[in-house]
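> sequence first, predicted model second:
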Amino acid sequence: MVYPAESSKSPKSLMRMLSAEGNPQARNLCEMLACLQKIEGTVLEVHAAAAA
């Protein structure tokens with residue numbers, strides 16, 4: 001998969017963010033997910049569920 005140039009993040013920044021030692025901010029993860037959803041034509045849905 002190729003992350004498009006329309007991202008505001010450099011490839012090096014993305015590799016650091018997604019590494020095992022990375023600590024990405026929610027804003028950055030949401031930007032990445034929005035871009036990937038646009039590329040793939042999908043929609044991520046999150047639903048809450050009661051704890052078991």
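The structure has been received and is ready for your questions.
> the helix of greatest length in the chain: how far from the chain's middle?
The single longest helix within the chain, with elements called by DSSP state H, is helix 26-40. Averaged C-alpha coordinates place helix 26-40 at 4 Å from its chain's average position (Cα atoms, centre = their mean, to the nearest Å).
> output that helix as CSV - backbone C-alpha positions only.
Taking Å, rounded to 0.1, in the frame of the first residue of the first chain, the C-alpha atoms of helix 26-40 are listed here in CSV:
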residue,chain,number,x,y,z
ALA,A,26,-4.9,10.8,17.7
ARG,A,27,-5.0,13.7,15.2
ASN,A,28,-2.3,12.0,13.1
LEU,A,29,-4.0,8.6,13.2
CYS,A,30,-7.3,10.1,12.2
GLU,A,31,-5.7,12.0,9.3
MET,A,32,-4.1,8.8,8.1
LEU,A,33,-7.3,6.7,8.4
ALA,A,34,-9.3,9.4,6.6
CYS,A,35,-6.8,9.4,3.7
LEU,A,36,-6.7,5.6,3.5
GLN,A,37,-10.6,5.4,3.6
LYS,A,38,-10.7,7.9,0.7
ILE,A,39,-8.3,5.7,-1.3
GLU,A,40,-10.0,2.5,-0.6
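> just checking, what packs against the helix or strand hosting residue 13?
Residue 13 is part of helix 11-17, with elements assigned from DSSP states H and E. The criterion is 3 or more Cβ pairs under 8 Å, 6 or more residues apart in numbering; DSSP states H and E, and there are no helices or strands that helix 11-17 contacts. All C-beta atoms are positioned from the backbone trio N, CA, C, and that covers glycine.
> low-confidence stretches in this protein?
Within the chain, the stretches falling below the threshold (pLDDT under 70) are 1-6.
> show me what contacts the closest residue to residue 28 other than its chain neighbours?
Excluding its sequence neighbours, the residue lying closest to residue 28 (Cβ to Cβ, 6 or more residues apart in numbering) is residue 17, at 6.0 Å. Residue 17 makes contact with 9, 23-24, 28 under the criterion Cβ atoms under 8 Å, 6 or more residues apart in numbering.
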